[in-house]
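Participant: I would like the atomic coordinates for the input below:
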Amino acid sequence: MSEHEEHTSHSQGFYVAIGIGLLVGVVGIANTTLVSVLERVPEIGLRRAIGARRGQIATQFLLESLVLGTIGGLLGGASGVCGVAAVALAKGWVPVIPFWICVLAPVLGSVTGVVAGAYPAARAARVEPVLALAR
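Facilitator: Below is the predicted model:
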């Protein structure tokens, strides 16, 4: 196996690991947001009863998911940079981390949060005030 082929196979494994990490992030954020919606049905019903529109309810939960994803991206990116720096320093290497990777992590986290929060936000927006307040 040539050096280029070996590098390509390592790169593909890296992308698979990133994909799996993002998928786990989507499932985790979606689950957290959905549980939040289910626990807050009375609150949602009250907000709807006093005039909040469906779009406002959906936006609230999308923003919560966005914040969760962005924080996850920031923490994940920071831990990745620290990990690369620690390994490089332990080996006596100079750590080289492209700037775009530091920007890409929170952006991917934000996109992940919005994608994961879409269904729970739509579900929250469909809560009927009368049924929610009757609980």
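Participant: what ranges of the chain fall below the confidence cut-off?
Facilitator: 1-10 (pLDDT under 70).
Participant: one more time with 80, if that's ok
Facilitator: Applying pLDDT under 80 to the chain picks out residues 1-11, 14, 131-135.
Participant: residue boundaries of the helices in it?
Facilitator: Secondary structure of the chain (DSSP state H): helices located at 3-39, 41-49, 54-91, 99-125, 129-133.
Participant: and those helices as TSV, adding mean neighbour count?
Facilitator: No exception for glycine: its C-beta is placed from N, CA and C like everyone else's. Below are the helices of the chain laid out as TSV (neighbours: other C-beta atoms under 10 Å):
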stretch	mean neighbour count
helix 3-39	13
helix 41-49	17
helix 54-91	16
helix 99-125	19
helix 129-133	13
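Participant: show me the contacts for the residue nearest in space to the middle of the chain.
Facilitator: Central residue of the chain (C-alpha atoms, centre = their mean): residue 69, 2.8 Å from the mean position. Taking C-beta atoms under 8 Å, 6 or more residues apart in numbering, we find residue 69 in contact with 25, 29, 109-114, 116-117.
Participant: nearest to residue 64, of those residues?
Facilitator: In terms of C-beta to C-beta, no member of the contacts of residue 69 lies closer to residue 64 than residue 117, at 6.9 Å.
Participant: dump the residue contacts of the nearest residue to that closest one once chain neighbours are set aside.
Facilitator: Once flanking residues are discounted, residue 117 sits nearest to residue 65: 2.5 Å by C-beta to C-beta, 6 or more residues apart in numbering. Going by C-beta under 8 Å, 6+ apart, residue 65 touches 29-30, 33, 113-114, 116-117, 120-121.
Participant: Among these, which one lies nearest to residue 129?
Facilitator: residue 121 (17.1 Å).
Participant: so what's the closest one up against?
Facilitator: By C-beta under 8 Å, 6+ apart, the contact set of residue 121 is 33, 37, 57-62, 65.
Participant: any idea how far residue 75 is from it?
Facilitator: Computed as C-beta to C-beta, to the nearest Å, the residue 121 to residue 75 distance reads 23 Å.
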